[in-house]
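Engineer: dropping the sequence and predicted coords here.
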Amino acid sequence: MLWLLHGNLGSPVDWKPVMEVLRAGGVEARALNLWKYLECCPKSLKDMGRVLCSEIAAQDRHPFLCGYSLGGRLAMQAVLAHPPLWKGALFVSANPGLEDEAAKAARRAKDAEWAVQCLSAPWDDFLKEWDAQAVFEDGPPLPDRSSLKPWRKSISRAFIDWSVGAQENLAPLLKQSAVPQLWIAGQRDSKFSALARRMAGEQAVIIPDAGHRLPLEAPERLAEFLQSFILQNP
């Protein structure tokens, strides 16, 4: 089975169009709600990797894992936490980590600001500001997120616990990993296309005329690459 992890300000529902295409092609997939894991207490990136391994292994003896953006970074933690579990991993619009300590500190500071806004600003205003970031430029708008409002404490905590500024640069470890990997990004998403190429070279999948939000923007094409990877790694 393929396990799917959504992005920040995301929901399992974001994967529905992808899952429908996969199911039609004979691939079963399940999307997790990441916010539930922060409902009780803080949880570091490495802790979350171990939790994902434990929870998924209890239901699936040899799974595939796919994460988008924030979910991709959590998927990296899970793959590195217990490599023998995974048949393969797919990282969609995902950042393996920052190398520069100053950049990490700046990102932690910015994410701390987002955490405060998430809790204190009017929900719709917060979402509008989040959607106005350059990485989402020219892409589809954020879908209705009213269903996420009850999770705002968990989402706020995620900005702190799961900030890319709190993440070790995982690129060297992932390049050494024996777990089969596929790195995917949208052509218009120049930052993440470059990251995918840096990690996978010519094996990186760059989807033409697509931006950062691939599960929403190009679900059919994304599903085709996911299915092809799974079939190649039985």
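Structural biologist: Received it, and whenever you're ready, just let me know what you need.
Engineer: quick one: the longest helix along the chain to chain centroid distance?
Structural biologist: The longest helix of the chain (DSSP state H) is helix 101-120. Put simply, helix 101-120 sits 18 Å off its chain's centre (C-alpha atoms, centre = their mean, to the nearest Å).
Engineer: tell me the buried residues in that helix?
Structural biologist: Buried residues in helix 101-120, counted by 16 or more other C-beta atoms under 10 Å: 104, 107, 111, 114, 115, 117, 118. Any C-beta I mention is one placed from the backbone N, CA and C, and that applies to glycine too.
Engineer: going by distance to residue 33, which of those residues wins?
Structural biologist: For these, the minimum distance to residue 33 (C-beta to C-beta) is 16.8 Å, reached by residue 118.
Engineer: show me what contacts the closest one?
Structural biologist: Neighbour list for residue 118: 126, 152, 155, 156, 159 [criterion: C-beta atoms under 8 Å, 6 or more residues apart in numbering].
Engineer: quick one: residue 127 from residue 58, how far?
Structural biologist: According to C-beta to C-beta, to the nearest Å, residue 127 stands 34 Å off from residue 58.
Engineer: these two: which is more packed in?
Structural biologist: Each of residue 127 and residue 58 has its neighbours counted (other C-beta atoms under 10 Å); residue 127 has more, 20 against 8.
Engineer: tell me the phi and psi of the residue lying closest to the more buried one once chain neighbours are set aside?
Structural biologist: Nearest in space to residue 127, with sequence neighbours left out and distances taken as C-beta to C-beta, 6 or more residues apart in numbering, is residue 145 at 5.6 Å. When read as degrees, to the nearest 10, the backbone of residue 145 gives phi -120, psi 20.
Engineer: can you give me the helices for this structure?
Structural biologist: Counting by DSSP H, one finds helices in the chain at the ranges 16-24, 45-57, 70-81, 101-120, 123-131, 152-161, 171-176, 190-200, 214-217, 219-232.
Engineer: as TSV, those with distance to residue 38 and mean pLDDT would be great.
Structural biologist: TSV is the format used below for the helices of the chain (distance: least, C-beta to C-beta, whole Å; pLDDT from 0 to 100):
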stretch	distance to residue 38	mean pLDDT
helix 16-24	23	97
helix 45-57	9	97
helix 70-81	11	98
helix 101-120	12	97
helix 123-131	17	95
helix 152-161	4	97
helix 171-176	24	97
helix 190-200	24	97
helix 214-217	21	96
helix 219-232	26	97
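Engineer: looking at those, which is buried most?
Structural biologist: Of all these, helix 70-81 has the most neighbours on average by mean count of other C-beta atoms under 10 Å, namely a mean of 25.
Engineer: all good on my end, thank you.
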